[in-house]
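Participant: just to be clear, the model below is a prediction. Sequence and coordinates:
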Amino acid sequence: MNPLCSRCNLVVYPTEKVNCLDKYWHKGCFSCEVCKMTLNMKNYKGFEKKPYCNAHYPKTSFTAVADTPENLRLKKQSKMQSTVSYKEEFEKNRGKGFTVVAETPELERFKKTQNQISNISYHEDFEKRKMGREVPHQQPSIPSPAAYQQPGAASQNFHYEPTPEPVQPVQPVAAAPPPSAGKRYRAVYDYSAADEDEVSFVDGDVIIDVQQIDEGWMYGRVQRTGQQGMLPANYVEAI
């Protein structure tokens, strides 16, 4: 028995049958729910088992997990625990001439970023010194004129000027670009900064000068606002 079309409720014969979204359609009935443009298996987008074109596909709203009361409470509790640990270490090492700061995730992330920046600066300075280094020129030794006097011509002055050896020019070595320089990413979700070292952006923003910090965080600058800081890696995609 032939099934019924999900659009017109008429019988669908095998020669004109389209099986998609767990339903059966006529080829002409398989169209967008909004603009009625005829679709196929390559350009359709399904939402709640209904076909849509790319322009009218419903966009799902994104809810930040940090906005829930439970996560806000956990965040506040973690911050309080970090403050308590810092104060305990401070009181323990008071009067010893130095202060030990608790190794928080924010501090470790900051130290890792500073180490990467220091390595980039060191390699740039090293390549500049390598390019500006000159090969010392050795002055050829000049033999005495007596060695070139012919027999029987001792009274004649024979002047000899040695030909200097050609010096091969030093080929400059191009400085290697710093890692992750020039990488561009595009935001796929909205994000609001939770700390002072983070940056906010919206869906579609372009983030430039991106540096990979770890598996979950990056450092970059939002091209639209000019602000720079930390951002979550799962909120953006590479361009």
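Facilitator: Thanks, I have the structure now.
Participant: give the buried residues for stretch 16-23.
Facilitator: K17, V18, C20, L21, K23 (16 or more other CB atoms under 10 Å). In this view, the C-beta of every residue, glycine as well, is placed from N, C-alpha and C.
Participant: brain fart, stretch 38-45
Facilitator: L39, Y44.
Participant: could you export that stretch as CSV, CA atoms only?
Facilitator: What follows is stretch 38-45, C-alpha atoms only, in CSV (Å, rounded to 0.1, in the frame of the first residue of the first chain):
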residue,chain,number,x,y,z
THR,A,38,10.9,23.4,-3.7
LEU,A,39,13.7,21.6,-1.8
ASN,A,40,15.8,18.5,-2.3
MET,A,41,17.9,16.2,-0.2
LYS,A,42,21.0,18.5,-0.5
ASN,A,43,19.6,21.9,0.4
TYR,A,44,16.9,21.3,3.0
LYS,A,45,17.2,21.8,6.7
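Participant: what does that stretch rub up against?
Facilitator: V18, C20, K27, G28, F30, S31, C32, P51, Y52, C53, N54, Y57 (CB atoms under 8 Å, 6 or more residues apart in numbering).
Participant: now tabulate the buried residues of stretch 16-23 in JSON lines and tack on distance to Q77.
Facilitator: Listed next are those as JSON lines, based on distance: CB to CB, whole Å:
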{"residue": "K17", "distance to Q77": "58"}
{"residue": "V18", "distance to Q77": "54"}
{"residue": "C20", "distance to Q77": "48"}
{"residue": "L21", "distance to Q77": "45"}
{"residue": "K23", "distance to Q77": "49"}
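Participant: neighbour-wise, which of the contacts of stretch 38-45 leads?
Facilitator: P51 (26 neighbours; other CB atoms under 10 Å).
Participant: ok, then the element right after the helix or strand where that one lies?
Facilitator: Assigned by DSSP states H and E, P51 belongs to strand 50-52. As assigned by DSSP H and E, the chain's next helix or strand after strand 50-52 is helix 69-92.
Participant: can you pull up the most central residue in the protein?
Facilitator: Most central in the chain under CA atoms, centre = their mean is V210, positioned 3.7 Å from the mean C-alpha point.
Participant: surely it and W217 touch.
Facilitator: No: contact criterion CB atoms under 8 Å: V210 and W217 do not qualify, at 10.9 Å.
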